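*Asks:* Predicted structure and sequence below. I'll ask about it afterward.
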Amino acid sequence: MNNPQIEFLLSRKSPPISQLREPGPDDGEIDLMIRVASRVPDHGLLEPWRFILYRGDVRHKIGDYLAGRAAERDGPIGEQRVAQEKARFSRAPVVIGVVSHPKAHERIPQWEQFLSGGNAAFALVLAAHALGYRANWVSNWYAEDAPSRKFLGLTEDERVVGFVHIGSVEVRVPDRPRPEPRTILSEFVLAD
């Protein structure tokens with residue numbers, strides 16, 4: 001196949017977040033990625049999503065909060081879990097939260113608006129890839145924990161679509177097995 005756009009799409013992989021390093025995207029690149037991420041299907045032009053940028057020292061403060069909150073929720077946690085929670089937002093140079101910000105609408109249900117947010121998250125991942133960065137989209141326990149969502153800047157009626165960790169990688173990211181199209185595609189046929 002000689003189609004550079006298809007080859008680009010087929011080359012996208014998610015590296016482990018622990019492999020993401022500096023440099024991360026600068027302000028202009030972040031703006032461009034958000035511009036791309038906001039060009040997704042959006043029935044009713046509701047813009048039912050928004051983005052939160054986490055970078056710099058605030059990532060370590062988030063880690064401190066998450067370690068404390070995990071102990072509050074789960075009881076005493078060991079040193080390994082404390083270290084894991086503290087590193088959640090500081091492994092990659094930039095983390096962008098994709099937030100479902102639903103709007104009341106008589107014809108467009110919230111689940112459809114949430115799916116638009118999922119499209120925005122994936123478009124953000126593709127934009128990072130197009131700029132030469134690598135990205136990993138995750139959620140984790142704090143996405144479903146109301147106090148953590150509030151700490152991370154979400155309002156009560158918003159949901160986390162995901163946190164997109166963005167940075168550079170120094171090693172080749174291996175591909176994982178992908179399904180063959182015919183194993184996941186069926187053609188609808190009317191019964192006689």
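*Replies:* Received, thanks.

*Asks:* How about Ile62, nearest residue that isn't a chain neighbour?
*Replies:* The shortest distance from Ile62 to any non-neighbouring residue, by C-beta to C-beta, 6 or more residues apart in numbering, is to Phe89 (4.4 Å). Bear in mind the C-beta positions are built from the backbone N, C-alpha and C, glycine included.

*Asks:* from memory that neighbour sits against Val95, does it?
*Replies:* Yes: taking contacts as C-beta atoms under 8 Å, Phe89 lies within contact range of Val95: 5.3 Å.

*Asks:* Residues that sit against both of those two, list them.
*Replies:* Shared contacts of Phe89 and Val95 (C-beta atoms under 8 Å, 6 or more residues apart in numbering): 54, 59, 163.

*Asks:* Of those residues - the most surrounded one?
*Replies:* Phe163 (25 neighbours; other C-beta atoms under 10 Å).

*Asks:* max-length strand in the chain?
*Replies:* The longest strand of the chain (DSSP state E) is strand 159-167.

*Asks:* Quick one: list the elements packing against it.
*Replies:* strand 94-100, helix 110-130, strand 134-138 (3 or more C-beta pairs under 8 Å, 6 or more residues apart in numbering; DSSP states H and E).

*Asks:* so the residue nearest to Ile62 sits in a strand?
*Replies:* No: counting by DSSP: H, G, I helix; E, B strand; the rest coil, Phe89 falls outside a strand, being coil.

*Asks:* Can you tell me how far it is from Val138?
*Replies:* 11 Å (C-beta to C-beta, to the nearest Å).

*Asks:* Same drill for the two, tell me which one is more crowded.
*Replies:* For the pair Phe89 and Val138, the greater number of neighbours falls to Phe89 (25 against 14), based on other C-beta under 10 Å.

*Asks:* Ramachandran angles for that one?
*Replies:* Per-residue torsions, Phe89: phi -110, psi 0 (degrees, to the nearest 10).

*Asks:* Identify the residues contacting it.
*Replies:* So Phe89 contacts 54, 58-60, 62-63, 66, 95, 163 (C-beta under 8 Å, 6+ apart).

*Asks:* give me the low-pLDDT residue ranges for the chain?
*Replies:* Filtered on pLDDT under 70, the chain yields the residue ranges 1.

*Asks:* hang on, the earlier thing: mind listing the shared neighbours of Phe89 and Val138?
*Replies:* Joint contacts of Phe89 and Val138 (C-beta under 8 Å, 6+ apart) are Phe163.

*Asks:* ok, the residue nearest to Val94 when sequence neighbours are not counted to Tyr133 distance?
*Replies:* The spatially closest residue to Val94, leaving aside those adjacent along the chain, is Gly24, at 4.1 Å (C-beta to C-beta, 6+ apart). Using C-beta to C-beta, Gly24 is found at 7 Å from Tyr133.
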